[in-house]
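Trainee: just the structure for this:
(2 chains)
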Amino acid sequence: MLQLKDLHVAIGGKEILKGIDLTVKPGEVHAIMGPNGSGKSTLASVLAGRDEYEITRGEILYSGQDLVELDAEERAREGLFLAFQYPVEIPGVSNTYFLRTALNAIRTHRDEDPIDAMDFLALVRDKAKLLKLDESLLKRPVNHGFSGGEKKRNEIFHMAVLEPRLAILDETDSGLDIDALKIVAEGVNSLRSADRAFVVITHYQRLLNYIEPDFVHVLMDGKIVRSGGRDLALQLEDQGYEWLETEPAAVGA
Amino acid sequence: MTNPSFATILDTAAATPAPVLLQELRGQGRTRFEALGLPNRRQEAWRFTRLKDIEETEFSAPPLVPSRIDVTPWRRADAHALVFIDGMFSPDFSEVDDLPDGVVVSNLMLATASDSEIVKKHLGSLTSLDDQPFAALNTAVLADGAVIHVPAGVEVESPIQLLFFAGKSDSPTVCAPRILIVAGEASGVTIEEHHVGTEGSALSCPVSEIVVEAQAVVRHVIVQDETPTTQHLASRHVVMGQGSRYSAQAISLGGALARTDIQVDLAGEDAEASLDGLYLTDGKQQADSHLTLRHKAPNCRSHQLYKGVLAGSSRAVFTGRIVVEQDAQKTDSTQSNRNLILSDDAVANSNPQLEIFADDVRCTHGSTVGRLDDDAVFYLRSRGIGREEARRLLTLAFAGEVLDRIPLEPLREELQQRVSERLALMERSGDGA
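Mentor: Numbers count the residues shown, from 1 in each chain, chains lettered A, B, ... in the order given. Okay, here's the model as predicted:
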């Protein structure tokens, strides 16, 4: 589904990602862990299609096509979703209006009719319940005046409504208390299926107690320095990241 | 500075029959206007305003027979309406239904001819002609306008619509409507005022005088949607009594130049004024808003929210002057002017001016001039919304903050539609446009 081959990315002439290889297949959950500044968020932004990053070498294939050729909105319409680390406040645009516009843009791309107003209402109510999102937040402007936890839940709510094929979660756990973390994880888990994949970017192992990954990769200084299973995350929790700096790189996946 | 074509217009106005009171006012207006002349850019209050077209255009007096205009697209079924075409009252299109006892909704000529106490007492009393050349011009050619009086304790349920059409004649005319609104103690009224043109051009210089007596509530929506060649120079003067409320949303869409000078005197304790504005400019349009809020009494509140969307090589000026007099302790005043720039050549000037003579006050002001937020555009795009649609949505949302405050739902929806259409046509250029 997603294939990164020797991906090098720079911003403002400074290289952030220094050769990443990663293959994500449908149904899989990959966790990408790493200390601050390792390039985790850059990876998320590049996948979502932010313009200011320059791909200096390598390629990104998504369902066999060159992802770099697609604009951000085209990626979203092809089923890619990024849950933002810092969701943006959009005063003046209601959460439901925004979602309906997004959903219809995706449906139009798939040659489907725009969603019926009643069906849409039923859909958002259903998904809001799943994320335990207060219905008042549906009418309010997107993320405007939402608490930190509400913003993160709203991201997963958007994901639940838009039903992407590949979802990238950029530090969705940061700033969440344990209850909110469980709600978010339940939301993600309910969307796990054989044809949908997740890339979960996180600094802490904690989230992975609730969203169990199939693979764990450690990103340090723009490179994946180690890949493994669930155990690797636990080992990182025990030992931190420092031991990897001295160990020779063992690249897998 | 002067424009020779005004002499004929002033003579024509002076020779047009009118009640003595109006004739006297015309005389005063003329003396003042001739002394002041047209403003020029060396005057601080006019420094940013483009006046060349007014100096150079040959204007004529309004036609003796008003233009034929179909007003139905602007008429709202649920409102009382006074309709004026080329400055003249049009009884055929006007419609005033049953009003509560004592409420006057009339044209100025009729009200003055019937010896209205309200007109005698208030007409011309609020407007200072000293430094307002276009208010002086309006007074010098005073012909007709709207008079609204709501007696003490009366709430007028239906909104009152004032429709002013200008400029359909072959040559540019001077159109000078007058508005007098007196809301008696603890009364309430909602006014929607439209300045509209469909073709031709005009110098439109309306003057409004609004008296809000103690505990009264006046809600006022002003829509300026005149032709692209019209010069619109409006003056509005509001005097507020104790515990009164005045709220206004001014939506400026049309005209080559659209300038409004507003003065609000918070003269009684605990009065609250909310002044909101939205201007959209494109091409070479200019929209100027000059507000003076004068806090004269303690415990008053005033709020200004003016937002602009500028495209093409258009220009906007906002001057917000807050004066807090010595007695006006516990004044709470906020001012915000935010401009969204859609092209490289558009320019917005924002000039807050605070003059505070009391020591226990809270005054805040802020102004911004900027592009659409890239992060917001990206956020929308990352959910599948196209770049153009994302920008349209965000721009409309920016303007929506002011439109949302319009208390009349049908008018609000109509304006949302109109603004959305206008935004779709605006010239964008440059990064982040």
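Trainee: any stretches of the stretch 301-433 of chain B with poor pLDDT?
Mentor: Along the stretch 301-433 of chain B, segments meeting pLDDT under 70 span B:430-433.
Trainee: and the stretch 101-250 of chain A, by the same measure?
Mentor: A:246-250.
Trainee: 50 - rerun?
Mentor: Applying pLDDT under 50 to the stretch 101-250 of chain A flags no residue at all.
Trainee: need the strands for it, in chain order.
Mentor: Assigned by DSSP state E, counting those that start in this stretch, the strands in the stretch 101-250 of chain A fall at A:141-142, A:166-170, A:197-202, A:215-220, A:223-228.
Trainee: what of the stretch 51-200 of chain B?
Mentor: According to DSSP E, counting those that start in this stretch, the stretch 51-200 of chain B carries its strands in the segments B:80-85, B:88-89, B:104-107, B:145-150, B:160-165, B:173-175, B:178-183, B:188-196.
Trainee: what sits up against the fifth one?
Mentor: Meaning strand B:160-165. B:67, B:69, B:71, B:74-76, B:79-87, B:93, B:105, B:146, B:148, B:175, B:177, B:179, B:189-198, B:204, B:206 (CB atoms under 8 Å, 6 or more residues apart in numbering or on different chains). Heads up, the C-betas are built off the backbone N, CA and C, glycines and all.
Trainee: same check, this time on the fourth one
Mentor: Residues outside strand B:145-150 that contact it (CB under 8 Å, 6+ apart) are B:82, B:84, B:102-108, B:111, B:116, B:118-119, B:156, B:160, B:162, B:177-184, B:187-189, B:191, B:206, B:216.
Trainee: tally of neighbours for B:A424?
Mentor: 11 (other CB atoms under 10 Å in any protein chain shown).
Trainee: then A:E135?
Mentor: 11.
Trainee: now do the one 5 residues further on
Mentor: Using other CB under 10 Å as the criterion, A:R140 is surrounded by 17 other residues.
Trainee: could you pull up phi and psi at the residue of chain B found nearest chain A?
Mentor: As assessed by CB to the nearest CB, chain A sits closest to B:A397 within chain B, at 2.8 Å. Main-chain torsions, B:A397, degrees, to the nearest 10: phi -60, psi -40.
Trainee: what's the distance between B:T334 and B:L108?
Mentor: Computed as CB to CB, to the nearest Å, the B:T334 to B:L108 distance reads 35 Å.
Trainee: neighbour-wise, which of those two wins?
Mentor: Neighbours per residue (other CB under 10 Å) separate B:T334 from B:L108, with B:L108 holding more: 27 against 16.
Trainee: now for the residue lying closest to A:V199 once chain neighbours are set aside: which residues touch it?
Mentor: The spatially closest residue to A:V199, leaving aside those adjacent along the chain, is A:I168, at 4.6 Å (CB to CB, 6 or more residues apart in numbering or on different chains). Residues near A:I168 by CB under 8 Å, 6+ apart: A:A44, A:L47, A:A48, A:L80, A:F81, A:L82, A:A83, A:F198, A:V199, A:I201.
Trainee: one more: B:F93?
Mentor: Here B:F93 is in contact with B:V71, B:R75, B:A81, B:V83, B:I85, B:L163 (CB under 8 Å, 6+ apart).
Trainee: next one: B:H303
Mentor: With the criterion set at CB under 8 Å, 6+ apart, B:H303 makes contact with B:E272, B:A273, B:S274, B:L275, B:S333, B:T334, B:Q335.
Trainee: same question, A:G27
Mentor: A:R192, A:S193, A:A194, A:D195, A:R196, A:A197.
Trainee: filter those residues down to the buried ones.
Mentor: Burial by neighbour count, 16 or more other CB atoms under 10 Å in any protein chain shown: within these this picks out A:R196, A:A197.
Trainee: which ones, among the contacts of A:G27, also lie beside chain B?
Mentor: Among these, none lies close to chain B by the criterion of CB under 8 Å from any CB of the partner chain.
Trainee: excluding chain neighbours, give the residue nearest to residue 105 in space.
Mentor: Picked chain A for this. Among residues not flanking A:A105 along the chain, B:G384 sits closest, at 4.3 Å (CB to CB, 6+ apart).
Trainee: not what I meant, chain B
Mentor: Per CB to CB, 6+ apart, closest to B:V105 is B:V96, 4.9 Å.
Trainee: what residues does the stretch 251-400 of chain B have near chain A?
Mentor: Checking the stretch 251-400 of chain B against chain A by CB under 8 Å from any CB, the hits are B:373, B:375-376, B:378-387, B:389-390, B:393-394, B:396-398, B:400.
Trainee: let's see which of these end up in helices.
Mentor: B:375-376, B:378-381, B:387, B:389-390, B:393-394, B:396-398, B:400 (DSSP state H).
Trainee: mark which of those are buried, thanks.
Mentor: B:376, B:378-381, B:389-390, B:393-394, B:396-398, B:400.
Trainee: identify, from the contacts of A:G27, the entry nearest to chain B.
Mentor: A:R196 (16.5 Å).
Trainee: contacting residues for the nearest residue to B:Q215 once chain neighbours are set aside?
Mentor: Spatial nearest neighbour of B:Q215, chain neighbours left out: B:A186 (4.1 Å); criterion: CB to CB, 6+ apart. By CB under 8 Å, 6+ apart, the residues touching B:A186 are B:A152, B:G153, B:A214, B:Q215, B:A216.
Trainee: so the third one sits against B:V239, correct?
Mentor: No - at 11.5 Å, B:A214 and B:V239 do not qualify as touching, with contact defined as CB atoms under 8 Å.
Trainee: so which of those two has more stuff around it?
Mentor: Of the pair B:A214 and B:V239, B:V239 is the one with more neighbours under other CB under 10 Å, namely 23 against 17.
Trainee: what about that one, helix or strand, and which?
Mentor: Taking DSSP states H and E as the criterion, B:V239 maps to strand B:231-240.
Trainee: past that strand, which element shows up next along the chain?
Mentor: Following strand B:231-240 in sequence, per DSSP H and E, is strand B:245-252.
Trainee: strands paired with the helix or strand just after that following strand, and their directions?
Mentor: Note on strand B:245-252: by DSSP H and E, the next helix or strand toward the C-terminus is strand B:257-266. Applying DSSP bridges to the sheet, strand B:257-266 is found paired with strand B:231-240 (parallel), strand B:286-295 (parallel).
Trainee: same list (the ones you listed) but as CSV, adding mean pLDDT.
Mentor: Converted to CSV, these look like this (pLDDT from 0 to 100):
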stretch, mean pLDDT
strand B:231-240, 97
strand B:286-295, 97
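Trainee: return the most buried member of those strands.
Mentor: Stretch with highest mean neighbour count among these: strand B:231-240 (a mean of 26; mean count of other CB atoms under 10 Å in any protein chain shown).
Trainee: how about the residues of the stretch 151-253 of chain A near chain B?
Mentor: Taking CB under 8 Å from any CB as the criterion, the neighbours of chain B within the stretch 151-253 of chain A are A:H158, A:L162.
Trainee: what about the helices in the stretch 151-253 of chain A?
Mentor: A:178-191, A:230-239, A:242-246 (DSSP state H, counting those that start in this stretch).
Trainee: taking the ones you listed together, which one is wrapped up most tightly?
Mentor: With a mean of 17, the top stretch among these by mean neighbour count (mean count of other CB under 10 Å) is helix A:178-191.
Trainee: any idea how far the residue in chain A that chain B sits nearest to is from A:P114?
Mentor: With CB to the nearest CB as the measure, A:G92 is the residue of chain A nearest to chain B, at 2.8 Å. Per CB to CB, A:G92 is found 22 Å from A:P114.
Trainee: so between those two, which is more surrounded?
Mentor: The neighbour comparison of A:G92 against A:P114 (other CB under 10 Å) goes to A:G92, with 19 against 13.
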